[in-house]
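Following is a predicted model, sequence given first.
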Amino acid sequence: TVPLILDVDTGIDDALALLYLVSSPEAEILTVASTGGNVPTAQVAANNLAWLDLCGRPDVEVTLGSEVPLVGELRTTEDTHGPQGLGYAELAPSTRSLAHRDSATAWVEVARARPGEVVGLVTGPLTNLALALRLEPELPTLLRRLVVMGGAFNHPGNTTPKSEWNVSVDPEAAKAVFDAFSAAPPERRPLVCPLDVTETLEMTPEHVRRLAEAAGSLPAELLSEDDPVGRRSRTGNPVLRVLVDAIRFYMEFHREHGHGYIAHMHDPFAAAVALDPTLARTRRATVDVELTGTLTRGCTVADWSGMWGRPANADVAVSTDPDAFFDLLIERVGAH
Ligand code: BDR
Ligand code: CA
C-alpha cells in the first residue's frame with residue numbers, strides 16, 4: 001500500500017484527485033489537509049469533509065490549514081472553480097467535525113509516526129507544508145516521497161503569464177519547500193507535476209461519457225456542450241452527479257479561456273503519480289521560485305544543467321502518456 005498525506009484546495013480537479021485515490025485499492029489515505037487557494041480554507045475543509053462523506057470515506061480525518069499564505073492576503077479563484085469550489089455542484093454539508101490538530105501539525109505527526117513510509121501529495125498552495133517544515137525540518141527525510149502539482153517551466157503560466165496558480169498563491173511557501181529539499185537524498189527529491197505536463201491532459205466530454213459508462217450510470221444530461229449553463233444533473237449515482245456538475249463548470253471555464261470544451265487534469269495526474277511515479281517521465285533539476293520580479297513573481301525556474309552550482313532539489317515531470325492516464329482514471333473512478 002501507499003500511505004498518504006493529502007494537502008488540497010478542493011477545487012474541482014482536487015475533488016477528482018481525491019476520488020481517484022479513494023477508488024485506488026493501494027492508496028491508504030491517512031489524513032487530508034485543507035489549504036486556502038481555489039476557495040477560502042474553511043470552504044476547502046467543508047468541501048473535503050462533504051466530498052469524502054459522499055465518496056464513502058467519512059472515516060478519513062480532515063484538518064484545517066492556514067487561512068492565509070506566508071505573506072500577504074489569500075487570493076481565491078471562484079471564477080475557475082465555482083462559488084463553493086465545486087462548479088455547479090452543491091454538496092450536502094457534512095455533520096462531522098474537523099480534526100482538533102491543524103494541517104501543519106498533522107503533516108508532522110503523521111510523517112513522524114511512520115518514518116520513511118508516507119508519501120505526501122500537495123495539489124494546492126504549499127502553505128501548510130512550509131509551516132510544517134518550520135515545526136519539523138527533518139520532514140524531507142521523514143517522508144518517503146513528496147509529489148507536488150505546481151509550477152510552469154517551459155510553458156506559459158495560468159495565473160500570470162509566467163506563474164502557475166498553486167505557486168502563485170504562496171510563492172514564499174513554494175520556495176521554502178524547494179529550499180528544504182535541497183539537502184535531501186536523491187530518492188527523496190520531490191516529484192513536481194507542472195502545467196507543462198498537466199495541460200497535455202485534456203478531459204473531453206467523451207472521457208466523461210466513458211467514465212459514466214464504466215460506472216454503469218449515465219446521467220441523461222451528460223455534458224453536451226449546448227446544455228443550459230448551470231442546469232444540474234438529476235440522474236446517475238450521487239458521486240457521478242456531483243462530478244458531472246463540477247466538470248461541466250470547469251469545461252466552460254476552459255472554453256472561456258480559449259482551450260476549447262475540455263478540462264485540464266492537473267491534480268488527478270499528480271494523484272496518479274503519487275501512487276505510481278513511473279507514469280511521469282522526469283528530469284532532474286534545481287528549482288527555485290521568483291519572489292521579487294515585478295512581472296515574474298511566483299514564476300518557477302529550473303536549472304537543468306547545474307549552472308547555479310546548487311544541488312538538484314526536484315524531479316520535474318516533462319511528459320506522460322495521456323491515453324494511458326485517461327484509461328487508468330476511467331477504470332478506477334468508474335469502478336468506485
Ligand atoms: C492548479 O490550480 C488549481 O486551480 C487547480 O486545482 C490545480 O491544483 C493548477 O494550476
Ligand atoms: Ca488544486
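Right, received. Where do you want to start? Residues are numbered from 1 along each chain as shown. Ligands and ions are numbered 1, 2, ... in the order given.

So residue 119 sits against residue 273, correct?
No. Applying C-beta atoms under 8 Å as the test, residue 119 and residue 273 come out as separate, 9.9 Å apart. (C-beta placed from N, C-alpha, C; glycine too.)

Close to ligand 1: what parts of the protein are there?
11, 13-14, 38, 80, 123-124, 149, 158, 164-166, 266-267 (C-beta under 6 Å from any ligand atom).

Where is the longest helix in the protein?
The residue-count maximum for a helix in the chain (DSSP state H) belongs to helix 238-256.

quick one, helices of the protein?
Using DSSP H, helices in the chain cover 12-22, 41-54, 78-81, 103-113, 127-135, 139-142, 165-169, 171-180, 195-198, 205-214, 238-256, 266-275, 322-334.

Tabulate those (a markdown table), appending mean neighbour count and distance to residue 61.
Output for those, formatted as a markdown table (neighbours: other C-beta atoms under 10 Å; distance: least, C-beta to C-beta, whole Å):
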| stretch | mean neighbour count | distance to residue 61 |
| --- | --- | --- |
| helix 12-22 | 27 | 13 |
| helix 41-54 | 24 | 9 |
| helix 78-81 | 18 | 23 |
| helix 103-113 | 21 | 7 |
| helix 127-135 | 24 | 14 |
| helix 139-142 | 20 | 19 |
| helix 165-169 | 29 | 22 |
| helix 171-180 | 23 | 22 |
| helix 195-198 | 25 | 27 |
| helix 205-214 | 18 | 28 |
| helix 238-256 | 22 | 20 |
| helix 266-275 | 28 | 18 |
| helix 322-334 | 17 | 23 |
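
Could you point out which of those helices sits nearest residue 294?
Nearest to residue 294, of all the helices of the chain, is helix 171-180, at 13.4 Å by C-beta to C-beta.

Can I get the helices of the chain in a markdown table including distance to ligand 2 and mean pLDDT?
Conversion of the helices of the chain to a markdown table gives the following (distance: least, C-beta to the ion, whole Å; pLDDT from 0 to 100):
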| stretch | distance to ligand 2 | mean pLDDT |
| --- | --- | --- |
| helix 12-22 | 4 | 98 |
| helix 41-54 | 9 | 98 |
| helix 78-81 | 9 | 95 |
| helix 103-113 | 14 | 98 |
| helix 127-135 | 13 | 98 |
| helix 139-142 | 21 | 96 |
| helix 165-169 | 6 | 98 |
| helix 171-180 | 13 | 98 |
| helix 195-198 | 10 | 98 |
| helix 205-214 | 19 | 89 |
| helix 238-256 | 11 | 93 |
| helix 266-275 | 5 | 98 |
| helix 322-334 | 16 | 97 |
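
closest to residue 186 out of those helices?
Using C-beta to C-beta, the nearest of the helices of the chain to residue 186 is helix 139-142, at 11.8 Å.

Spatially central residue in this structure, please.
residue 123 (2.3 Å; C-alpha atoms, centre = their mean).

what sits against the closest residue to that one other than its chain neighbours?
Of all residues not flanking residue 123 in the chain, residue 267 sits nearest, at 3.9 Å (C-beta to C-beta, 6 or more residues apart in numbering). Residue 267 makes contact with 8, 11, 13, 14, 16, 17, 123, 149, according to C-beta atoms under 8 Å, 6 or more residues apart in numbering.

what's near enough to touch the second one?
So that's residue 11. Neighbour list for residue 11: 37, 38, 39, 44, 47, 81, 85, 86, 123, 124, 267 [criterion: C-beta under 8 Å, 6+ apart].

what sits against residue 283?
304, 315, 316, 318.

got it, and residue 13?
For residue 13, counting by C-beta under 8 Å, 6+ apart, the contacting residues are 123, 250, 263, 264, 265, 266, 267, 268.

Return the member of the residues you listed nearest to residue 203.
Using C-beta to C-beta, the contacts of residue 13 come closest to residue 203 at residue 263, 4.5 Å.

thinking the closest one is in contact with residue 252, fair?
No. With contacts counted by C-beta under 8 Å, residue 263 stays clear of residue 252, the gap being 9.4 Å.

Phi first, then psi, for residue 102.
For residue 102, the backbone dihedrals (degrees, to the nearest 10) come out as phi -90, psi 180.

and the gap between the residue in the stretch 51-200 of the chain positioned nearest to ligand 1 and residue 247?
Of all residues in the stretch 51-200 of the chain, the one sitting closest to ligand 1 is residue 165 (3.4 Å; C-beta to the nearest ligand atom). Remark: distance between residue 165 and residue 247 (C-beta to C-beta, to the nearest Å) = 18 Å.
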